[in-house]
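J.: Return a 3D structure for these sequence lines:
(2 chains)
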Amino acid sequence: MTKFKATFTFFLVLLAVVAFPVAGETPQELLLRIDQARNVVDLRCDVTLTSYDGEKILEHEKLAIQVKTTSKENKTLVWFAAPASVKGRRLLMAGNTVYLLFPATSNPIRLSPLQVLVGQASNGDVARTGFAQEFLPQKLTRTSLDGQACWLFELTAQPDRQTGTYAKARLWVRSKDLRPLKAEFLTASDELLKIARYSDWRQIDGKQFPCKLVITEADNPKRYTVLTYSHIASHPVPSSLFERSALSFWVAGGSQ
Amino acid sequence: MKLALIKRVFSVFLVSTLPWQAFGWNAQLETEASQSQAAVVLAPTQPQMLSEYSRILAQGIFTDQGAPTDSLQYSVTVWGSWDTLPSGNPTQLAADKGQAASRLLQGYLTWSPLPEQLFFQAGKILLSPSVGFFRTPLDFFAHPALAPILDGAALGPWQEGYWSENTQVLWDGGSASLWLSPPLTWSDNVNQTLQYLTLPQNFWRSELNLSWQLGNAGFQLVGEGEVPQNTCSPSAAVVRCGASMDAAINSAWTIKAEGRLDATSQSPPATQGLIGLAWSPAERLSVTVEAASDPSGLHGFVRWTLPVDAKVEAILYTIPSLEDSSGIAGGDLQGRYDTWGWDAWVELPWGAPGTEQANTSWRGTWGAKGSLYF
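T.: Just a heads-up that it's a prediction; the model follows:
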């Protein structure tokens, strides 16, 4: 009986350690803390996307991004700076609300979030500033990746995003500093779609920010997209700018 | 012969971009060749006649925009074209005798005393509040399309604005704007010169727009009033009002609806409306379905966009009348690359007894287009 109690207690403690990394902290709270550790408030940056098929460059795009950080869901403005065929387009993303404004027109067009506009990456890949707003943790375990101790989150899309680009995700987060190292994005039927790796971590506005993201297609590892972030800064802007009718007034700053 | 002409036109346009590029402007050049054929039966006892015409159209658009200071922005869009059939009607100008046209499409200054919240704009401004695709009921007035539209859309990629002033207030969750446009007309002699700057504006116009966002839905209320330039009588005034909504149901489905009411003292009120939905089951794949009621009747619209490869897309569309068996079907295969693009397209109207197509046993238009981006 004593042995049973000891074993039971051991498993209870183990469960507590695995599920609640800090006393009383749920996996969702931990995920939120991971996001906050790298979330530059009202982020403004330039993004270069280069898509490869082996050695061959398929696409090369330059974007300027302005994010409005909110507690519910971040809002993002995207300015297409290159190539010439898409230059001047403006995109507004706020959850499932997506509007695109073509240059020399005045009526923003509503799109669905699944309509990809930025080369081989999805809109969400470019604009994602955190996981907690998009996903709910289903399971949290300890594991290791490339010899580093990690938390492994198994995530499913938030209820209002079930039909989104990715229904599920697996996220590896380095335990010692809560840096996401790798994410796998899957369909509802567990088909692996894309693998993302985060690197080139830099200190920006007191936060650790990954300046390089490599997204590989699961069914063809030769095809991958490299997102490089530059001119990163916290640039507060009013929420009023993140509206359909405000798109034509927004001129990207940064290096544009 | 035609190929040589196309090459020559394209070369001239290419050279014309150089000074614009020197000032850092963006430019887009397009050259399009199209052919239309119709088999017409004038009377039941007469043989079928074949009517055909071709068209070569070269267009260039030059744009520049920027923000010299935090509170001041500018935007300029200039358009030029050379067209063997500027009227779109083959009886009005023989092919291979091109006509040049150019205009300032937009050119305005925006001053923002409260950055990102209050804006005053003055100049040639484009106004298009509609959320519709193949019909745009809330666009109460618009200049004619500058060139044939290849994908069934109501609006072309380039549109011409009106000389006007616009005041816009933005807040978290919505905006309001008041737009005022004066008449601008002139004598025929002067018209020859001013046509390069603007089309005449024959009305006093004002438009009030209120828009707001509720969750994933956007709403608009729009009211417009117009009075002819030379008439102060209230009986000549036209008042229009309308409302629109568009919303995302989830990541794959979006819906839209808009309606409009026109009121004058000389005729009974008239209404127009549009409803639609769009479905994007996968990346770059979408189906748009709309239905609209307007003075020309009740029409449907289905547009299917699907990727052929990473750079090539196919667009298939049809605009059937919902009152008889007439309509239009078309397709546009388009490739878009970093600095150039191409289109190959076909459009086939079909007729029904009692419509203008009734005597046409067959009709079609097809063409190809090359684009360069700078």
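J.: can you map out the helices along chain A?
T.: Counting by DSSP state H, residue ranges of the helices within chain A are A:2-19, A:27-38, A:123-127.
J.: lowest-confidence stretch among those helices?
T.: Ranked by mean pLDDT, the helices of chain A end with helix A:2-19 at the bottom, a mean of 50.
J.: In the stretch 101-250 of chain B, what residue spans correspond to strands?
T.: Ranges of strands in the stretch 101-250 of chain B, per DSSP state E, counting those that start in this stretch, are B:118-125, B:162-171, B:174-181, B:203-214, B:217-228, B:238-248.
J.: so can I have CSV of those showing distance to residue B:50?
T.: For the C-beta atoms, the positions are set from N, CA and C on the backbone; glycine is no exception. Formatted as CSV, the strands of the stretch 101-250 of chain B follow (distance: least, CB to CB, whole Å):
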stretch, distance to residue B:50
strand B:118-125, 44
strand B:162-171, 42
strand B:174-181, 46
strand B:203-214, 43
strand B:217-228, 45
strand B:238-248, 44
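J.: residue contacts, the nearest residue to residue B:143 once chain neighbours are set aside?
T.: Leaving aside its chain neighbours, residue B:143 sits nearest to residue B:160 (4.3 Å; criterion: CB to CB, 6 or more residues apart in numbering or on different chains). The contact partners of residue B:160, by CB atoms under 8 Å, 6 or more residues apart in numbering or on different chains, come to B:79, B:103, B:105-106, B:124, B:126, B:143, B:146, B:198-199.
J.: Tell me the buried residues within those.
T.: Among the contacts of residue B:160, those classed as buried by 16 or more other CB atoms under 10 Å in any protein chain shown are B:79, B:103, B:105-106, B:124, B:126, B:146, B:198.
J.: Within reach of chain A, which of the residues you listed are there?
T.: Among the buried ones among the contacts of residue B:160, proximity to chain A is found for B:105-106, B:126 (CB under 8 Å from any CB of the partner chain).
J.: Quick one: mark the members of the contacts of residue B:160 that sit in helices.
T.: Per DSSP H, the contacts of residue B:160 never map to helices.
J.: could the strands of the stretch 101-250 of chain B go into TSV alongside mean pLDDT?
T.: What follows is the strands of the stretch 101-250 of chain B, written out as TSV (pLDDT from 0 to 100):
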stretch	mean pLDDT
strand B:118-125	96
strand B:162-171	95
strand B:174-181	96
strand B:203-214	94
strand B:217-228	93
strand B:238-248	94
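J.: Tell me how far residue B:255 lies from residue B:311.
T.: 30 Å (CB to CB, to the nearest Å).
J.: Might you list the low-confidence residue ranges for the stretch 151-256 of chain A?
T.: A:160-164, A:253-256 (pLDDT under 70).
J.: Do a quick rundown of the strands in it.
T.: Using DSSP E, counting those that start in this stretch, strands in the stretch 151-256 of chain A cover A:168-174, A:179-186, A:192-204, A:207-217, A:223-234.
J.: would you turn those strands into a markdown table with distance to chain B?
T.: Output for those, formatted as a markdown table (distance: least, CB to the nearest CB, whole Å):
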| stretch | distance to chain B |
| --- | --- |
| strand A:168-174 | 14 |
| strand A:179-186 | 13 |
| strand A:192-204 | 10 |
| strand A:207-217 | 12 |
| strand A:223-234 | 9 |
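J.: Would you format these as JSON lines with mean neighbour count included?
T.: Shown next, in JSON lines, are these (neighbours: other CB atoms under 10 Å in any protein chain shown):
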{"stretch": "strand A:168-174", "mean neighbour count": "21"}
{"stretch": "strand A:179-186", "mean neighbour count": "20"}
{"stretch": "strand A:192-204", "mean neighbour count": "16"}
{"stretch": "strand A:207-217", "mean neighbour count": "18"}
{"stretch": "strand A:223-234", "mean neighbour count": "18"}
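J.: For residue A:222, grab the count of nearby residues.
T.: 11 (other CB atoms under 10 Å in any protein chain shown).
J.: hang on, the earlier thing: the ones next to chain A among the buried ones among the contacts of residue B:160 into CSV, with extra columns for pLDDT and distance to residue B:120?
T.: Output for these, formatted as CSV (pLDDT from 0 to 100; distance: CB to CB, whole Å):
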residue, pLDDT, distance to residue B:120
B:105, 93, 21
B:106, 94, 16
B:126, 93, 16
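J.: ok, of those, which one's closest to chain A?
T.: Set against chain A, the nearest of these by CB to the nearest CB is residue B:126 (4.2 Å).
J.: Need phi/psi at the closest one.
T.: When read as degrees, to the nearest 10, the backbone of residue B:126 gives phi -100, psi 140.
J.: what does the stretch 51-200 of chain B put close to chain A?
T.: Checking the stretch 51-200 of chain B against chain A by CB under 8 Å from any CB, the hits are B:61, B:63, B:65-67, B:73, B:77, B:105-106, B:110, B:112, B:116-117, B:119, B:125-131, B:133, B:136, B:139, B:155, B:157-159, B:161, B:168, B:170-175, B:177.
J.: Report the buried members of those residues.
T.: Among these, the ones that count as buried by 16+ other CB under 10 Å are B:61, B:63, B:65, B:67, B:73, B:77, B:105-106, B:110, B:112, B:116-117, B:119, B:125-131, B:133, B:136, B:139, B:155, B:157-159, B:161, B:168, B:170, B:174-175, B:177.
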